[in-house]
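Peer 1: attaching a predicted model along with its sequence, questions to come.
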Amino acid sequence: MSQIHEVYFGQESRASSSSSSSSSSSVMEMTNSTDYHDQTVIATSTTSTKTAKKNYEAQSIWYILWNKFWRRVRCWKCNEILVISEYDHQILYLCNLGELIQKQHSGTATNELKQIKLTNQNGRPTSICLKFVRNLCGALVGLHKSGKIHGNLNPGNVLIKKEIKGFRAELANNSFISSSSYHSTDCGKFGWEGAEGRVKKAESDIFGLGCVIFFLITNGRHPFGDDPSLREHNIKQNNIVNLSLLKDFPEAFHLLSHMLSPLLNYRPSAMKVLKQPLMWKSRKKQAFLCDTSDLGKNNSLLSDSLEASIIEGVSNTCWNQNIHEDIITHMRNYHRYDFASVRSLLRFIRNMSIHYKQLSPHIMNLIGVKDRDDLFDGYFARLFPNLFMMVYKLVEVNCSEERGFKEYF
């Protein structure tokens with residue numbers, strides 16, 4: 001029989017410790033609370049249920065369990081069972097992250113799991129994938145603000161939850177995984193801890209989160225190699241063998257190279273991770289480039305830096321060669337552009353964003369984006385994949401304190 005990892009996701013009871021009634025009001029009080037419980041509920045068998053310290057009547061707890069307020073999720077690496085106790089019957093954890101990807105790769109995913117597409121046809125993370133990343137970062141921000149450390153970030157501890165509108169990812173609360181059961185699984189042993197080992201520091205959580213984010217956006221790859229037996233060695237040597245997979249995804253490359261650094265003080269905080277461009281939606285990136293274009297008119301330092309920059313991947317430094325001639329001709333109605341200037345390209349993006357609804361159906365078909373808010377990710381990021389991070393770094397160095405730009409940093 002598989003060993004059981006005891007994990008608790010219920011809510012703290014508001015009932016007084018003196019009350020042990022099994023009445024419906026007691027049960028409702030437990031289900032309506034929003035705080036995490038501070039004890040582990042252990043479902044040891046189908047006939048008895050006990051708690052570590054608080055002595056709720058077994059009948060009350062079993063009443064909840066009998067109504068399917070808990071599910072069993074198997075660890076994606078070792079196939080051992082995670083017992084998840086829930087006091088909210090509307091919560092449904094479908095699986096963990098490792099199991100999701102394993103099932104999708106093997107073709108055994110349910111129809112529900114098939115709806116979760118982590119990467120698109122271009123290999124970029126989908127909106128639901130980035131939503132999962134934001135979910136995990138937000139959870140870690142809250143954990144670290146409360147002075148707690150997770151200490152065991154890996155795909156087996158990321159649970160996929162079904163909601164009324166879509167899906168979300170949540171962190172399993174590691175403080176309720178017993179130490180004895182943890183050591184029997186390899187989920188946390190091969191490649192999810194930094195070279196510093198199991199150090200109870202926030203920076204160690206950031207390393208684990210970086211590995212999980214990489215796992216998410218690459219649809220199951222590991223930054224330090226796909227062979228678990230070599231990951232520990234690669235981590236100690238700072239050999240991020242699969243980081244090259246992100247060479248055409250600079251937002252992810254920039255962030256993860258910091259998160260996976262062997263130097264603890266080089267890793268960003270969870271709050272800073274949440275503010276990084278990888279987390280931004282297309283509309284925010286577009287607004288940032290438009291604001292930068294406007295700022296360049298009056299900021300000589302930024303303007304000179306942009307003019308001296310060369311866009312990687314643009315032949316002969318003429319960016320118009322990457323854009324259809326009909327689109328260039330149409331956009332010349334709004335402005336005269338210098339095709340060797342990065343600042344002028346930003347002006348081009350700004351003008352297209354402002355006048356998008358005035359574009360002819362022919363031009364819109366060439367662009368291939370229906371919603372103006374998706375213009376950058378859906379069109380310009382494909383043509384100039386390195387443009388955004390190049391501009392972001394210039395603004396960060398030269399004018400991150402400028403009025404209107406603090407929201408980006």
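Peer 2: Looks like it came in fine. Numbering: from 1, shown residues only.
Peer 1: roughly how far apart are the closest residue to Leu387 other than its chain neighbours and Asp248?
Peer 2: Leaving aside its chain neighbours, Leu387 sits nearest to Ile311 (5.8 Å; criterion: CB to CB, 6 or more residues apart in numbering). For glycine as for every other residue, the C-beta is placed from the backbone atoms N, C-alpha and C. As judged by CB to CB, to the nearest Å, Ile311 and Asp248 stand 14 Å apart.
Peer 1: repeat for Thr126
Peer 2: Distance, Thr126 to Asp248, using CB to CB: 16 Å.
Peer 1: same question, Cys95
Peer 2: Here Cys95 is placed at a distance of 30 Å from Asp248 (CB to CB).
Peer 1: could you do Arg124 as well?
Peer 2: Noted for Arg124: a distance of 9 Å to Asp248, by CB to CB.
Peer 1: ditto for Cys137
Peer 2: For Cys137 relative to Asp248 (CB to CB), the value is 23 Å.
Peer 1: more crowded one of those two?
Peer 2: Cys137 (22 against 16; other CB atoms under 10 Å).
Peer 1: pretty sure that one sits in a helix.
Peer 2: Yes. The assignment for Cys137 by DSSP: H, G, I helix; E, B strand; the rest coil puts it in a helix.
Peer 1: which residues does it contact?
Peer 2: By CB atoms under 8 Å, 6 or more residues apart in numbering, Cys137 lies in contact with Leu209, Ala270, Val273, Leu274, Met279.
Peer 1: 6 Å instead, please
Peer 2: Neighbouring residues of Cys137 by CB atoms under 6 Å, 6 or more residues apart in numbering: Ala270, Val273, Leu274.
Peer 1: pretty sure the residue nearest to Leu387 is in a helix, no?
Peer 2: No. The assignment for Ile311 by three-state DSSP gives coil, which leaves it out of any helix.
Peer 1: work out for me the element Ile160 sits within.
Peer 2: In the assignment (DSSP states H and E), Ile160 maps to strand 158-163.
Peer 1: residue closest to the middle of the protein?
Peer 2: Taking CA atoms, centre = their mean as the criterion, Val133 is the residue nearest the geometric centre of the chain, at 1.0 Å.
Peer 1: count of residues packed around the nearest residue to that residue once chain neighbours are set aside?
Peer 2: Computed as CB to CB, 6+ apart, the closest residue to Val133 that is not its neighbour in sequence is Ile213, at 5.5 Å. Residues lying near Ile213 (other CB under 10 Å) number 26.
Peer 1: now do the strand or helix carrying Ile213: which elements does it pack against?
Peer 2: Secondary structure from DSSP H and E places Ile213 in helix 202-217. Counting by 3 or more CB pairs under 6 Å, 6 or more residues apart in numbering; DSSP states H and E, the packing neighbours recorded for helix 202-217 are helix 127-145, helix 250-259.
Peer 1: list the contacts of that helix.
Peer 2: 125, 129, 132-133, 144, 149-150, 153, 155, 192, 194, 223, 252, 256, 259-260, 264, 267.
Peer 1: low-confidence ranges in the stretch 51-200 of the chain?
Peer 2: Along the stretch 51-200 of the chain, segments meeting pLDDT under 70 span 51-92, 173-189.
Peer 1: mind listing the strands for it?
Peer 2: Secondary structure of the stretch 51-200 of the chain (DSSP state E, counting those that start in this stretch): strands at 70-74, 81-85, 92-96, 158-163, 166-171.
Peer 1: this protein - how does it break down into domains?
Peer 2: For the chain, automatic domain parsing gives the domain ranges 1-88, 91-279, 281-408.
Peer 1: what sits against Leu113?
Peer 2: Applying CB under 6 Å, 6+ apart to Leu113 gives the contacts Leu100, Lys103.
Peer 1: nope, Arg283 is what I was after
Peer 2: Arg283 neighbours (CB under 6 Å, 6+ apart): Asp373.
Peer 1: what backbone torsions are found at it?
Peer 2: Phi and psi for Arg283, reported as degrees, to the nearest 10, are phi -60, psi -40.
Peer 1: what sits closest to Arg382 if chain neighbours are left out?
Peer 2: Asn122 is the one closest to Arg382 (CB to CB, 6+ apart), at 7.0 Å.
Peer 1: what do you get for Asn351?
Peer 2: Nearest one to Asn351, counting by CB to CB, 6+ apart, is Tyr334 at 4.7 Å.
Peer 1: how about that neighbour, secondary structure?
Peer 2: Following three-state DSSP, we place Tyr334 in the coil state.
Peer 1: that one reaches Met352, doesn't it?
Peer 2: No. Taking contacts as CB atoms under 6 Å, Tyr334 lies outside contact range of Met352: 8.5 Å.
Peer 1: more neighbours: those two, which one.
Peer 2: Neighbour count, other CB under 10 Å: between Tyr334 and Met352, Met352 has more, with 25 against 15.
Peer 1: separation between the residue nearest to Val133 and Asn120?
Peer 2: As judged by CB to CB, Ile213 and Asn120 stand 17 Å apart.
Peer 1: and Asn242, by the same measure?
Peer 2: Between Asn242 and Asn120 the distance, using CB to CB, works out to 19 Å.
Peer 1: pLDDT below threshold where in the stretch 251-400 of the chain?
Peer 2: Per-residue confidence for the stretch 251-400 of the chain (pLDDT under 70) gives these ranges: 312-317.
Peer 1: swap the cut-off to 80 and go again
Peer 2: In the predicted model of the stretch 251-400 of the chain, residues 298, 309-317, 400 satisfy pLDDT under 80.
Peer 1: quick one, strands of it?
Peer 2: Taking DSSP E, counting those that start in this stretch, the stretch 251-400 of the chain contains no strands at all.
Peer 1: quick one, helices of it?
Peer 2: Counting by DSSP state H, counting those that start in this stretch, the stretch 251-400 of the chain has helices at residues 270-274, 282-295, 300-307, 325-331, 342-354, 361-367, 375, 381-383, 387-399.
Peer 1: can I get the ones you listed in JSON lines with distance to Lys200?
Peer 2: Formatted as JSON lines, the helices of the stretch 251-400 of the chain follow (distance: least, CB to CB, whole Å):
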{"stretch": "helix 270-274", "distance to Lys200": "15"}
{"stretch": "helix 282-295", "distance to Lys200": "34"}
{"stretch": "helix 300-307", "distance to Lys200": "42"}
{"stretch": "helix 325-331", "distance to Lys200": "54"}
{"stretch": "helix 342-354", "distance to Lys200": "45"}
{"stretch": "helix 361-367", "distance to Lys200": "50"}
{"stretch": "helix 375", "distance to Lys200": "45"}
{"stretch": "helix 381-383", "distance to Lys200": "39"}
{"stretch": "helix 387-399", "distance to Lys200": "31"}
